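Colleague: Sequence isn't available, so here's the structure alone:
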């Protein structure tokens, strides 16, 4: 697993006479390049370990990370004859055990060129892997005086490990330490942001559901009292509110399910008129109680359309709910106009004659949980609508109408390919 680095006369270090020093410098240059260009920590640590192994002419090399809670080292990267065995067996070395454990405890490097004469040499890894360690060099990975781990190289080919090898590993270890710490800081920041997002999401969900359920409970109580007193006229007024809030809860749950995971649209040839007929059946009743008129024109869509009917039905349901809440009572108008364009596009426009969308809100209109309508809006409808449209490889835009009201325009490609 080697990453190439552009070479030049300078980076070939041909001006350095000593071959060993030249190889060290080349390795340091490559590690510096990896550190500045590779963001994947696992890949970076493998490349660093490989450079240590090659530059020190070792049979194998390992990078161990320190677990502060368990007070032990675990093998993060192991290259060599038994590298995969060590990783699979999840071997851990306690602090103070063996050469690596001693280096972790003292935070000082150590060279042992004959392990048979070293009383602190730990034979456990050799016994597990059936590998014969002859000599070993280990250096601590330190960052801001804090132990991060240990790099060790094992069995120098045709020679003993030198102090030059040790100094080289110390330089590389400093980069490894910085890389690990930087990665951990990034992961911690991501985790904090995730937790903050989850907290915000739960708060928003609880707030939305509380508002919707409050309106529903109020309607139920009013209907119960009216039934006791046989005040049927009051029931007729309260029933639409109960029905409307029930639909909001259903839409809210569906929006949560659709928003929480990616979905591949189940596209097929269908009649767009059938979709709008279902919408008309639902919303004519809801809108009529508030004196809002619903106009639907699909006359310009003469051929079957290629889309996910359930997904687009859900999109239009969300847009009609929004439009119905924005349109004025008694004089409100909501329109759906659909047409096919020469560019193989189905264009659907949903508009109302309300007060429009405040200019400062337009950039955030499709953001999750962005709602200024209290219990009347879930804050997810438009975000889900945009998600479904984009899953169709389409686009959605919103703009205010000069004479009043808002207009949502959906463009859906009509290529007969399920992609």
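Modeller: Structure's in. What do you need? Note that the structure is a prediction, hence the values are computed from the model and not measured. Numbers count the residues shown, from 1 in each chain.
Colleague: Show me where this structure has its helices.
Modeller: 19-37, 41-55, 83-88, 98-106, 124-129, 163-229, 232-260, 272-288, 309-326, 381-391 (DSSP state H).
Colleague: So what does residue 266 have for phi and psi?
Modeller: phi -90, psi 80 (degrees, to the nearest 10).
Colleague: That one is in contact with residue 312, isn't it?
Modeller: No - in this structure, residue 266 is not within contact of residue 312 by CB atoms under 8 Å, at 11.0 Å. For glycine as for every other residue, the C-beta is placed from the backbone atoms N, C-alpha and C.
Colleague: Which residue of the two possesses the greater neighbour count?
Modeller: Ranked by neighbour count (other CB atoms under 10 Å), residue 266 and residue 312 place residue 312 first, with 25 against 11.
Colleague: Can you verify my assumption that the more buried one contacts residue 274?
Modeller: No - judged on CB under 8 Å, residue 312 makes no contact with residue 274 at a distance of 11.2 Å.
Colleague: Provide a list of residues in contact with residue 172.
Modeller: 27, 28, 31, 48, 51, 52, 151 (CB atoms under 8 Å, 6 or more residues apart in numbering).
Colleague: gap between it and residue 306?
Modeller: Note on residue 172: its distance to residue 306, by CB to CB, to the nearest Å, is 57 Å.
Colleague: got it, and residue 225?
Modeller: 52 Å.
Colleague: Pick out whichever of the two has more residues nearby.
Modeller: Set residue 225 next to residue 306 and count neighbours by other CB under 10 Å: residue 306 wins out with 19 against 13.
Colleague: now the more buried one: how far from residue 409?
Modeller: 19 Å.
Colleague: What ranges does the stretch 301-419 of the chain have for its strands?
Modeller: Listed in chain order, the strands of the stretch 301-419 of the chain (DSSP state E, counting those that start in this stretch) span 305-307, 333-341, 345-352, 395-400, 406-413.
Colleague: And the contacts of the second one?
Modeller: Spelled out, it's strand 333-341. 272, 276, 279, 283, 287, 292-298, 300-303, 305, 316, 320, 323-324, 327, 346-353, 414.
Colleague: and those, which are buried?
Modeller: Listed as buried from the contacts of strand 333-341 are 272, 276, 279, 283, 287, 292, 294, 296, 298, 301, 305, 316, 320, 323-324, 327, 346-348, 350-353, 414; burial here means 16 or more other CB atoms under 10 Å.
Colleague: Phi and psi next, for residue 121.
Modeller: According to degrees, to the nearest 10, residue 121 has phi -70, psi 130.
Colleague: number of nearby residues for it?
Modeller: 16.
Colleague: which residues sit in contact with it?
Modeller: Per CB under 8 Å, 6+ apart, neighbours of residue 121: 98, 99, 112, 115, 133, 136.
Colleague: wait, which of those residues is closest to residue 59?
Modeller: Closest approach between the contacts of residue 121 and residue 59, by CB to CB: residue 133, at 9.3 Å.
Colleague: who touches the closest one in this structure?
Modeller: Per CB under 8 Å, 6+ apart, neighbours of residue 133: 115, 121, 125, 126, 154, 155.
Colleague: was I right about residue 381 contacting residue 318?
Modeller: Yes - between residue 381 and residue 318 there is a contact under CB under 8 Å: 3.7 Å.
Colleague: How is this protein divided into domains?
Modeller: What automatic domain parsing lists as the domains of the chain is 19-189, 263-419.
Colleague: What's the per-residue pLDDT of the nearest residue to residue 112 once chain neighbours are set aside here?
Modeller: Nearest residue to residue 112 in three dimensions, chain neighbours excluded: residue 118, at 4.7 Å (CB to CB, 6 or more residues apart in numbering). You'll see residue 118 listed with a pLDDT of 88.
Colleague: Wait, residue 118 touches residue 99, no?
Modeller: Yes - at 7.2 Å, residue 118 counts as touching residue 99 under the criterion of CB under 8 Å.
Colleague: Who has more neighbours out of the two?
Modeller: With neighbours defined as other CB under 10 Å, residue 118 and residue 99 compare such that residue 99 has more, 23 against 16.
Colleague: Tell me the pLDDT of that one.
Modeller: With respect to pLDDT, residue 99 has a value of 91.
Colleague: picking that back up, out of the strands of the stretch 301-419 of the chain, the one nearest residue 92 is which?
Modeller: With CB to CB, the closest approach to residue 92 among the strands of the stretch 301-419 of the chain belongs to strand 395-400: 53.0 Å.
Colleague: which intervals of the stretch 51-200 of the chain have sub-threshold pLDDT?
Modeller: 83-85, 87-89, 190, 193-200 (pLDDT under 70).
Colleague: contact partners of stretch 108-115?
Modeller: 99, 102-103, 118, 121, 133-140, 156, 160-163, 165-166, 169-170.
Colleague: Recalculate using a threshold of 10 Å.
Modeller: 98-100, 102-103, 118, 120-123, 126, 132-140, 150-152, 154-156, 159-163, 165-167, 169-170, 173 (CB atoms under 10 Å, 6 or more residues apart in numbering).
Colleague: That one: end-to-end distance?
Modeller: 18 Å (CA to CA, to the nearest Å).
Colleague: now it, how far from the centre of its chain.
Modeller: 44 Å (CA atoms, centre = their mean, to the nearest Å).
Colleague: now stretch 297-313
Modeller: 33 Å.
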